[in-house]
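[1] curious how this folds, go ahead:
(chains A and B)
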Amino acid sequence: MKNVLDILKERGLFEDCTNPEVGEVLSKPGVVYAGFDPTSDSLQAGNLVTILVLSHFQRCGHRVVALVGGATGMIGDPSGKTSERTLLTPEQVEKNLEGIRENLSRFLDFAHPTAPAQILNNHDWLGGFTFLDFLRDVGKHFRMGTMLGRESVRARLASESGMSFTEFSYALLQGYDFLHLFDSEGCRFQVGGSDQWGNITAGTELVRKLRSEEVYGITTPLVCDSAGQKFGKSEGNAVYLDPRKTSPYDFYQFFFRTTDADVVRFLKIFTFLTIDAIAELEQTVREAPEKREAQRRLAEDVTRTVHGEAGLQVALRASEVLFGGSIEGLSAADLAAIFADVPSVELTRGDVVGSPAIDVAAAAGLCQSKGAARRLVQSGGLYLNNVRVAGIETTVQPDDLVDGEVAVLRSGKKNFHLVKVLGDA
RNA sequence: GGCAGGGUACUCAAGCGGUCAACGAGGGCAGACUGUAAAUCUGCUGGCUACGCCUUCCUAGGUUCGAAUCCUAGCCCUGCCA
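    Numbers count the residues shown, from 1 in each chain, chains lettered A, B, ... in the order given. Here you go, the predicted structure:
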């Protein structure tokens, strides 16, 4: 079996490690963990990198532990943040943990015969710690000099907003996690984004000090698009893995819209396609970029993994119709099926027929306000049933409703809203 | 506890008595060009019953014909010192 480290390297998933001999150690099955912050009730596309790395580990015969930060999430990781975070309430954390468990179950094999994946919550061991015990048993082993020298701390201290003791202590908690998992699970590896470097080394150092054993940290690059933006945002919103927060259709579209410059890199990172297969796709990007072969493949593979074959099919069908052009000839039932996954609203007939299109767009939630809808029309960006709305005085006519009950509103090229009309005239 | 600085729209950040729904930048949205790409150019970016009206510049009061701008109190943030 291939060494997982080589796989990570050839896929652009390797950034750095705490000790160069990690490759040799990884030639034998071991236990690896990665932490996930419960800041939201669903993981996001950005978390995929870490999740996929864990998956690669599992495929190479290692046992993986996904650590959800029930305790650390209540503190807030200062890494990569420019300002102090808002604290989550225990209830929020608890709720978010549920969603994250659900997300992870789609990627990791919890029923693996020899090395099933596990999800652990660090609140289980950190929650009962008293402050005094923690200071004596853990805090004692952290040196102020090292901690203050950390990039994440230095940056924050130099900034105007400063840093609280709470966030400053974050690294200790995460460091202790590694120690705990080393003791209880025999875990010797931690993976995380490169922004986790400081937190990871806190753990490797703690284990070295207290157990005189070497444990290893491996970081993945922070994935950005070619514009330098952090990966995983679509129209300003995070792309979630939970279908209730980001529909399979939107999820598929997010990946489909990947730019040429990023698509090969993303294929390596986010799919399990072989390097050879990816090289072929790279060829198509060069020779026939307008076909978007690589983007299509990327979107299909990732959507299938996250939302299953059924989710993918819905996304594909919707994409075909929406970008295929006309919606003429489709029945209301067809539209309803296609848009099952696209935002839809139910309005009464009186609110729609005869009303200005801009009012309907606002009522449907396509635009934030009537003013926004008005501006949209004025710039020529509002479409009713794929036909541009000519002016702000345009009203919705009875025969604009497909089968008398459904209309499709669109803002720009890619934002669709389905309007269902309820009730009789 | 002392001293200093500060709280303005999604973010950063001007404004310091009327010309302010509030400069500018970033972001976002839309248009043109395209390949659901990139780059570029253009417009928009508080709400509305819209050539006008309404609600905004931490909160509550006050001064003034008139306040985001001045005063008072309060809340919060930050830095330095102790």
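[2] three-state assignment of the residue in the stretch 151-300 of chain A positioned nearest to RNA strand B?
    Taking Cβ to the nearest atom of the strand as the measure, the point where the stretch 151-300 of chain A comes nearest RNA strand B is A:G162, at 1.9 Å. Every C-beta, even on glycine, is put in place using the N, C-alpha and C of the backbone. Using DSSP: H, G, I helix; E, B strand; the rest coil, the secondary structure recorded for A:G162 is coil.
[3] and it, its phi and psi?
    Reported as degrees, to the nearest 10, the phi and psi values for A:G162 are phi 70, psi -160.
[4] touching RNA strand B at all, the longest helix anywhere in chain A?
    Using DSSP state H, we find that the single longest helix of chain A is helix A:293-324. Yes: using Cβ under 7 Å from any atom of the strand, helix A:293-324 reaches RNA strand B at A:295, A:319, A:323.
[5] so what's the last one up against?
    Same thing as A:F323. For A:F323, the contact set (Cβ atoms under 8 Å, 6 or more residues apart in numbering) is empty.
[6] okay, now A:E213: neighbour count?
    11 (other Cβ atoms under 10 Å).
[7] just confirm it is within a helix.
    No: in this structure, A:E213 is coil, not part of a helix, as judged by three-state DSSP.
[8] any low-confidence regions in the stretch 51-200 of chain A?
    A:78-88, A:160 (pLDDT under 70).
[9] what segments of it are strands?
    Taking DSSP state E, counting those that start in this stretch to define them, one finds strands in the stretch 51-200 of chain A at A:63-68, A:118-121, A:189-193.
[10] what are the buried residues along the second one?
    Applying a neighbour-count criterion of 16 or more other Cβ atoms under 10 Å, the buried positions in strand A:118-121 are A:119-121.
[11] name the nearest of these relative to RNA strand B.
    For the buried residues of strand A:118-121, the nearest to RNA strand B is A:N121 (28.7 Å; Cβ to the nearest atom of the strand).
[12] what sits opposite that closest one in the beta ladder?
    A:V68 (DSSP bridges).
[13] now do the buried residues in the longest strand anywhere in chain A.
    In chain A, with assignment by DSSP state E, the single longest strand is strand A:415-422. Across strand A:415-422, burial judged by 16+ other Cβ under 10 Å covers A:415-421.
[14] likewise for stretch A:175-185?
    In stretch A:175-185, counting by 16+ other Cβ under 10 Å, buried: A:175-182.
[15] in a markdown table, list the residues you listed along with distance to A:A333.
    A markdown table is the format used below for the buried residues of stretch A:175-185 (distance: Cβ to Cβ, whole Å):
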| residue | distance to A:A333 |
| --- | --- |
| A:G175 | 57 |
| A:Y176 | 57 |
| A:D177 | 52 |
| A:F178 | 55 |
| A:L179 | 59 |
| A:H180 | 55 |
| A:L181 | 53 |
| A:F182 | 58 |
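[16] follow-up on the earlier one: A:K9: which of the strands of the stretch 51-200 of chain A is closest?
    Among the strands of the stretch 51-200 of chain A, strand A:189-193 comes nearest to A:K9, with 13.3 Å by Cβ to Cβ.
[17] what's that closest one in contact with?
    In contact with strand A:189-193 (Cβ under 8 Å, 6+ apart) are residues A:22, A:26, A:30-35, A:49-50, A:53-54, A:57, A:62, A:178, A:199-200, A:203-204, A:215-222.
[18] keep only those of the residues you listed that are in strands.
    Per DSSP E, these map to strands at A:31-35, A:216-220.
[19] just the buried ones from those residues?
    Applying 16+ other Cβ under 10 Å to the ones in strands among the contacts of strand A:189-193, the neighbour count classes A:31-35, A:216-220 as buried.
[20] ok, back up a step: dump the residues of helix A:293-324 next to RNA strand B to CSV, plus pLDDT.
    Formatted as CSV, the residues of helix A:293-324 next to RNA strand B follow (pLDDT from 0 to 100):
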residue, pLDDT
A:Q295, 95
A:S319, 85
A:F323, 80
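[21] looking at those, which is nearest A:R244?
    Nearest member of the residues of helix A:293-324 next to RNA strand B to A:R244, counting by Cβ to Cβ, is A:S319, at 19.8 Å.
[22] hmm, A:L48 is touching A:F270, no?
    Yes: in this structure A:L48 lies within contact range of A:F270 using Cβ atoms under 8 Å: 6.0 Å.
[23] distance of A:H180 from A:I119?
    15 Å (Cβ to Cβ, to the nearest Å).
[24] check A:Y176 too.
    In terms of Cβ to Cβ, A:Y176 sits 18 Å off from A:I119.
[25] also A:S27?
    Distance from A:S27 to A:I119, by Cβ to Cβ: 26 Å.
[26] and RNA strand B, which of the buried residues of strand A:118-121 contact it?
    Counting by Cβ under 7 Å from any atom of the strand, no member of the buried residues of strand A:118-121 reaches RNA strand B.
[27] which residues in the stretch 51-200 of chain A form helices?
    Ranges of helices in the stretch 51-200 of chain A, per DSSP state H, counting those that start in this stretch, are A:90-104, A:123-126, A:131-137, A:144-149, A:151-158, A:165-168, A:170-185, A:197-211.
[28] dump the ones you listed to JSON lines, plus distance to RNA strand B.
    Compiled in JSON lines, the helices of the stretch 51-200 of chain A are given as follows (distance: least, Cβ to the nearest atom of the strand, whole Å):
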{"stretch": "helix A:90-104", "distance to RNA strand B": "20"}
{"stretch": "helix A:123-126", "distance to RNA strand B": "24"}
{"stretch": "helix A:131-137", "distance to RNA strand B": "20"}
{"stretch": "helix A:144-149", "distance to RNA strand B": "12"}
{"stretch": "helix A:151-158", "distance to RNA strand B": "7"}
{"stretch": "helix A:165-168", "distance to RNA strand B": "10"}
{"stretch": "helix A:170-185", "distance to RNA strand B": "15"}
{"stretch": "helix A:197-211", "distance to RNA strand B": "19"}
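[29] nearest to A:L241, out of these?
    Using Cβ to Cβ, the helices of the stretch 51-200 of chain A put helix A:90-104 closest to A:L241, at 4.6 Å.
[30] which residues touch the closest one?
    Taking Cβ under 8 Å, 6+ apart as the rule, helix A:90-104 contacts A:36, A:38-43, A:47, A:51, A:66, A:68, A:70, A:73-74, A:88, A:117, A:119, A:121, A:123, A:241-242.
[31] was I right about A:E293 contacting A:E282?
    No: counting by Cβ under 8 Å, A:E293 stays clear of A:E282, with 10.0 Å between them.
[32] which one of the buried ones among the ones in strands among the contacts of strand A:189-193 is nearest A:E309?
    Nearest to A:E309 among these: A:A34, at 26.8 Å, using Cβ to Cβ.
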